[in-house]
Structures are given as structure tokens and as C-alpha cells.
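Trainee: sequence plus the predicted model coming up.
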Amino acid sequence: MKKRYIMVIAALCGSIAAGIGLTTNIAGLFFTPVAADFGIGRGNVSMTLTICNLTYAFGGIATGKLLTEKHFRPLMILGSALTVGATLLLAISGNVWLMYVLNALRGFSTGLLGTVMASIVINNWFHTNTGMMTSIAMGCSGLASAVFSPLFSMIIARMGWRFGYTLSAILMAALYLPIILLPIGLTPESVGELPFGDRVGAPKARERAGGKVPPVLILMIALYATTVGFLTSVVQHFPGISESYGLAVGATMLSAGMIANTSGKLLIGVLIDRIGTMKGILAMAIFVVIGILLMLFVHAGAALVIGAFLIGLGYSLQTVGVAMITRQTFGLEHYGNIYPKISMCVTVSYALGTTMIGFIFDQLKSYTPVFWIMLIGLGTGLTCALMAQRKKDTDI
């Protein structure tokens, strides 16, 4: 692999690590100290994450419309500047309402440089090993949170949450530098390269007949994306689940889920490249189902930790899985237009799912209904994905 292709993946890894790993995945560390400092409830502070996730989805939609070769680098500079600037301003915020506004801004800006951008660039630059390259880039979100969470936990405890946001902004700036400074572009042709795996004169992959996209196909893949988006919203509730069973393994469950976040994305990338997109997704879904069943029926510490790890593999279904099945279903011709909308379903479902699970427990004092909803939802989503593949194949 030429140095230029490695630069592309390195730049995307930095962007995903900054925009998701240092924005969404460590947000919970700030909830308690900010709430205590402002004298408000944790729920009021946790709303900052919901707002950030929702505007992230709209940032992804904007990326699909704005991302061109001409605007690639200016968009990267704008997105990184807004994200770093908003994070710095969070460090001097005097009330939670200003934090809502700043999180809305940095959610949108990280969406500009998030999974939609990364997925489009990877599909332009890599025509083979696409699953592996996607999994490496997406996996950096979980890797960053696993590496930085202990550091920020210590920094916030010793120096306060304001210094925590300042440090976060500095690290974000460093992680965004490669995608701004390295000599890469939206497409390999812009820098005199061919997509990885292509050769001069090679036949192109067959596109969908007539180049048209039936709306029902978009709906089916959107339903799959929505159901897998909901899956991992339960991860934030692992401490509560542990407590509801009278156990004290919540922190270990969270760690297991974050380890699975990264390792699962790498695993599904290998599976997709070797056995195909749908088979790779189904294989990972089986592990997730086992994890849910363990949570439902085996209320022991070790079983809950194992279940947490297996459910954490669901991150791979909502990132790499959604990106790859969208590419397979609609082809590169329509990918840049359709994927941002499908990705938005994942983000919104995840954001709303976290709150919904909390309300379910508040009303029923049990997480059991949540697990059944997860099982039914996953089954429905996978069925939609399978039906979409069959319809696509009959239309070609």
C-alpha cells in the first residue's frame, strides 16, 4: 500500500477520534461535576449530549451536500475550527443554557467531519478491502475513548471540569491536523492516484439497472439503521442495570462495552471482506443476541460483563455495518446522496433511545422490557436488510 493511502486512513482516524471519541464517548465524565458546580440535576446536564448527537446527524446531512473536491479542505478547516472553538468556550461557560448552544454547534461541526465524511472518502479511495479500512477508521472512536477516559477522569477529579474541556480542545486540534495538512483529497484522482484495488483498464462494477433507487429500498435500510442505532443506547445504562440486579459491576460492564466498540468494528471489517456484507452483519448480530439473552436471564456478575461485551459489538452494526450495506445496496453512484440520510437514522435513534430507556425504567422499575425491545427491533432490522438485498438482486 502506497504512503498516500496510509495518510488517508491516518487522517480519518484522527478525525473520528476527535469528533466522536473526545466529544460523545467521554461526555458522561463531565455530567456529575458540571451538575454539582451549577447546582442542577444530572439530567439537565446530560441533555447536552442528546443535543450534540441530534445536531451531529444534521451535520452529516450537510456533509453529503457540501462535500466536493473544491470544498474538501475548507470544510475540514471550518469543521475542526468550530469544534475546537466550541469546546474551548465550554470551559468558560457560566450556565447550562450556554452549554446547550455550544454542544449544538460542536455536534453539527463534528458531524461535518464525522462518519459520513469518512465513509465517503474511504469509498472513493478504496475499492477493495473497503470493510477493513472502514472498520479501522470507525474503530478509532472507541479506541480514543478507551485511551483518554482514564486520563480525563483523573484530570477532572484533580483540576476540575473546566480544565478538562480545555485539554479536550487541545487534543482535538492535534487530532484534526492530519486531515487539514496532509496532501490528500476527496478522491485519489485529485492527487494523481487510482482507488486502491483498481488498475488501468479494469472493468467497473455493475451498477443498479437504470440508476434508479426504489424508495422502498431506502426505507428498508433506514429501518435497519434505526434498529441497530437503538441497540447501543443501552450501554450508557450498564451501571443502572448492574445496580438493578444488586451487583456492583457497572464500571466493568462499561469498559467491556467500550473494548467491544473497537474490536467489534475491526472484526466485522474482516468478516465483510471475506464472507460478504450480509453474512458478516448476521454473524455479528448473533453475538449481540447472545449478549442480550445473558442480560435477560443470567443475573450474575461475570455473565453481565460478558453480555455487556457482546452487546458492545453492536457498535459495529451501526457504523461499519450501515456504511457497507448502504454501499452494497445502492452502489457508489448513489452512496454519497443516500448514506448521510441513513446515518442520520442511526444517530437520532441512538440519541432518543438513551432517554427512552431511562423513562422505561422510571415507569416499570425494570430493564427487562428494554431487552425485549432490543431483540424484536434487531430481528425486524435484519429482516428489512435481507429483504432489501433480495429486492436489489431481482432489480439488477
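Mentor: Good, I have the coordinates. These figures come from a predicted structure and were not determined experimentally.

Trainee: in contact with the most centrally placed residue in the chain, which residues?
Mentor: The centre of the chain sits closest to Thr319, judged by C-alpha atoms, centre = their mean, with a distance of 5.3 Å. Going by C-beta atoms under 8 Å, 6 or more residues apart in numbering, Thr319 touches 115, 134, 138, 141, 265, 346. Heads up, the C-betas are built off the backbone N, CA and C, glycines and all.

Trainee: what's the lowest-pLDDT member of those residues?
Mentor: Within the contacts of Thr319, pLDDT reaches its minimum at Ser141, with 81.

Trainee: rewinding a little: which one of the contacts of Thr319 is nearest Ile184?
Mentor: Distance to Ile184 across the contacts of Thr319 (C-beta to C-beta) is lowest for Thr134, with 16.5 Å.

Trainee: how is this protein carved up into domains?
Mentor: 3-187, 209-395 (automatic domain parsing).

Trainee: could you dump the ones you listed to TSV with distance to Phe196?
Mentor: Shown next, in TSV, are the domains of the chain (distance: least, C-beta to C-beta, whole Å):
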stretch	distance to Phe196
domain 3-187	5
domain 209-395	13
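
Trainee: so which of those domains gets nearest Leu194?
Mentor: Between the domains of the chain, domain 3-187 lies closest to Leu194; by C-beta to C-beta that is 8.7 Å.

Trainee: just to revisit the earlier point, please identify which of the contacts of Thr319 is nearest to Thr380.
Mentor: Val346 (15.2 Å).

Trainee: grab the nearest non-local neighbour of the closest one.
Mentor: Spatial nearest neighbour of Val346, excluding adjacent residues (C-beta to C-beta, 6 or more residues apart in numbering): Gly229 at 3.8 Å.

Trainee: go on, Leu112?
Mentor: Gly79 (3.8 Å).

Trainee: cool, Gly111 as well?
Mentor: Leaving aside its sequence neighbours, Gly111 sits nearest to Gly59 (C-beta to C-beta, 6+ apart; 1.9 Å).

Trainee: list the helices and strands the helix or strand containing that neighbour packs on?
Mentor: Using DSSP states H and E, Gly59 sits within helix 42-66. When contacts are defined as 3 or more C-beta pairs under 8 Å, 6 or more residues apart in numbering; DSSP states H and E, helix 42-66 packs onto helix 28-38, helix 72-90, helix 96-112, helix 115-125, helix 322-364.

Trainee: can you tell me which of these is most buried?
Mentor: helix 115-125 (a mean of 26; mean count of other C-beta atoms under 10 Å).

Trainee: any idea which element Met172 lies in?
Mentor: Going by DSSP H and E, Met172 is in helix 161-181.

Trainee: after that helix, next one along is what?
Mentor: That would be, after helix 161-181 and using DSSP H and E, helix 215-231.

Trainee: who's in contact with that next one?
Mentor: Counting by C-beta under 8 Å, 6+ apart, 288, 311, 314, 317-318, 321-322, 325-326, 329-330, 338, 341-343, 345-350, 353, 373-374, 377-378, 380-382, 384-385, 387-388, 391-392 sit against helix 215-231.

Trainee: hmm, try it at 7 Å
Mentor: With C-beta atoms under 7 Å, 6 or more residues apart in numbering as the test, helix 215-231 has contacts from 288, 314, 317-318, 321-322, 325-326, 329, 338, 342, 345-347, 349-350, 353, 374, 377-378, 380-381, 384-385, 387-388, 391-392.

Trainee: then stretch 365-380?
Mentor: 223, 227, 230-231, 234, 241, 244, 285, 288-289, 292, 295-296, 357, 360-361.

Trainee: chain center to that stretch, what's the gap?
Mentor: 21 Å (C-alpha atoms, centre = their mean, to the nearest Å).
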